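> okay, sequence plus prediction incoming.
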Amino acid sequence: MRSRFSAYAVGDLRYVDRTWHPRTRPESLTPSTLVWTRLEILDATDDTVEFRAHHANPDGVLHERSRFERRGGRWFYVDGDVG
């Protein structure tokens, strides 16, 4: 989760793409205009991470519970519930 946040923060969409589960990965990713500033991990289990990702826009927070799946010894983002 932290590495994906860092990749979004620096605009490394290749890393984001490589760490997205092939079953749910979009065809293409669009660079974000948001300036990501901070990540708070609120809860984590074996395959989920609840977090708040802060950005510099007004009301700048994304709250999500993300699901991950382990494949070949690596973790991949599957999907998440924003709320």
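Cool, got the structure. Numbers count the residues shown, from 1 in each chain.
> distance from stretch 15-30 to the middle of the chain?
11 Å (Cα atoms, centre = their mean, to the nearest Å).
> sort out which residues of that stretch are buried, please.
In terms of neighbour count (16 or more other Cβ atoms under 10 Å), stretch 15-30 has its buried residues at 16, 19, 20, 25. Heads up, the C-betas are built off the backbone N, CA and C, glycines and all.
> got the end-to-end distance for stretch 43-51?
Criterion Cα to Cα, to the nearest Å; first-to-last residue distance in stretch 43-51 is 7 Å.
> can you list contacts of it?
Residues from elsewhere that reach stretch 43-51 (Cβ atoms under 8 Å, 6 or more residues apart in numbering): 1, 5, 39-42, 63-70.
> how about these in a markdown table, adding distance to residue 56 and pLDDT?
Written out in a markdown table, the entries for these read as follows (distance: Cβ to Cβ, whole Å; pLDDT from 0 to 100):
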| residue | distance to residue 56 | pLDDT |
| --- | --- | --- |
| 1 | 20 | 85 |
| 5 | 14 | 96 |
| 39 | 14 | 97 |
| 40 | 15 | 97 |
| 41 | 20 | 97 |
| 42 | 21 | 98 |
| 63 | 17 | 97 |
| 64 | 18 | 97 |
| 65 | 23 | 98 |
| 66 | 22 | 98 |
| 67 | 27 | 98 |
| 68 | 27 | 98 |
| 69 | 31 | 97 |
| 70 | 33 | 96 |
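> which member of the residues you listed is positioned nearest residue 83?
Nearest to residue 83 out of the contacts of stretch 43-51 is residue 63 (Cβ to Cβ; 5.9 Å).
> many thanks, have a good one.
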